[in-house]
Structures are given as C-alpha cells and as structure tokens.
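Asks: Below: sequence and its predicted model.
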Amino acid sequence: MTTEQAQQIADLLNSRNRLTIPYTTDRVKASEDDYVFECEGDEVFACVQVKKVQWYQSEILHLSVRSDHEGKGWGKRMIARAEQKAKEQKFPTTYSKRCSDGGLPGVKRQRPTAVSIF
C-alpha cells in the first residue's frame, strides 16, 4: 500500500462512515495489512478492514464504496474478499456493522458460523 492509497482509504472511510475518531494516513498505514481495497487506475474506490480482535477471531469493519461505484456489486465483492482474507488467517469472522434488518444488505451467507451483528 502506498502513502497515496492510504490517504485515499482514510478519506473514503471518513466520508462514508460516521466515525467518532477520523482515520488518517498514518492510522491506515499502521495497520495496512488489515485492508482490502480496490482501485480504478490510481484511485481507491472501495475498501474494507479485516481486523484481528482476539487470537481466534477477526472483524470486518467499515465497508466503504465510493458513491459513483454504488449499485455495481462492489460491496458484495469486498465482503467476499474480506471473508477470504479472514479464512486465510484461520479466524471466524464477526461483522460489526449495525443493519436495520439484522443482516448485511445483499449478502447471502452460506455458513452463518461466527457472524454477529451488533
């Protein structure tokens, strides 16, 4: 991850989420291995964080897709990539995004193991 990509990820996270503490380039760079992101040319347009929260568990945080890429399936793809990253780390996954219907919009889970919505 380049410094420019880290800045774009921080900007995307800050613009698309209601965060108490804003993300900075340094904060993203400090945990750069936690991020899955997608670029179009030099521009980051989607990202998600896969964070280890316990020795046995990871958490998917702050799925963000730039507004001009909404409705094109990028959210689903990013969740799938995040889940794959968590599986490669051999951690079950916990979602920490509150959704009104109790699930992630448009995401069909085949295995609901270790998924918590809070």
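Replies: Cool, got the structure.

Asks: List the neighbouring strands of the longest strand along the chain plus their orientation.
Replies: In the chain, ranked by residue count with DSSP state E as the criterion, the top strand is strand 43-54. If you go by DSSP bridges, strand 43-54 pairs up with strand 35-40 (antiparallel), strand 57-65 (antiparallel).

Asks: How about residues contacting it?
Replies: Counting by Cβ atoms under 8 Å, 6 or more residues apart in numbering, strand 43-54 makes contact with 5, 8-9, 12-13, 31, 34-39, 58-66, 68-69, 74-75, 77-79, 81-82, 85-86, 89, 91, 93-94, all of which sit outside it. Where you see a C-beta, it was placed from the backbone N, CA and C, and this is true even at glycine.

Asks: Dump that strand to PDB, restricted to CA.
Replies: Output in PDB follows, covering the C-alpha atoms of strand 43-54 (Å, rounded to 0.1, in the frame of the first residue of the first chain):
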ATOM      1  CA  GLU A  43      -7.900   5.900  -7.400                       C
ATOM      2  CA  VAL A  44      -9.200   3.800  -4.500                       C
ATOM      3  CA  PHE A  45     -13.000   3.400  -4.800                       C
ATOM      4  CA  ALA A  46     -13.700   0.600  -2.300                       C
ATOM      5  CA  CYS A  47     -12.200  -0.700   0.900                       C
ATOM      6  CA  VAL A  48     -12.900  -2.800   3.900                       C
ATOM      7  CA  GLN A  49     -10.800  -3.600   7.000                       C
ATOM      8  CA  VAL A  50     -10.300  -7.100   8.400                       C
ATOM      9  CA  LYS A  51      -9.000  -6.700  11.900                       C
ATOM     10  CA  LYS A  52      -7.800  -9.400  14.300                       C
ATOM     11  CA  VAL A  53      -9.600  -8.700  17.500                       C
ATOM     12  CA  GLN A  54      -8.800 -11.900  19.500                       C
END
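
Asks: What residues are bridge-paired with the residue positioned nearest the centre of the chain?
Replies: Nearest residue to the geometric centre of the chain (Cα atoms, centre = their mean): Val48, 1.6 Å. Listed beta-bridge partners, Val48: Val36 (assigned using DSSP bridges).
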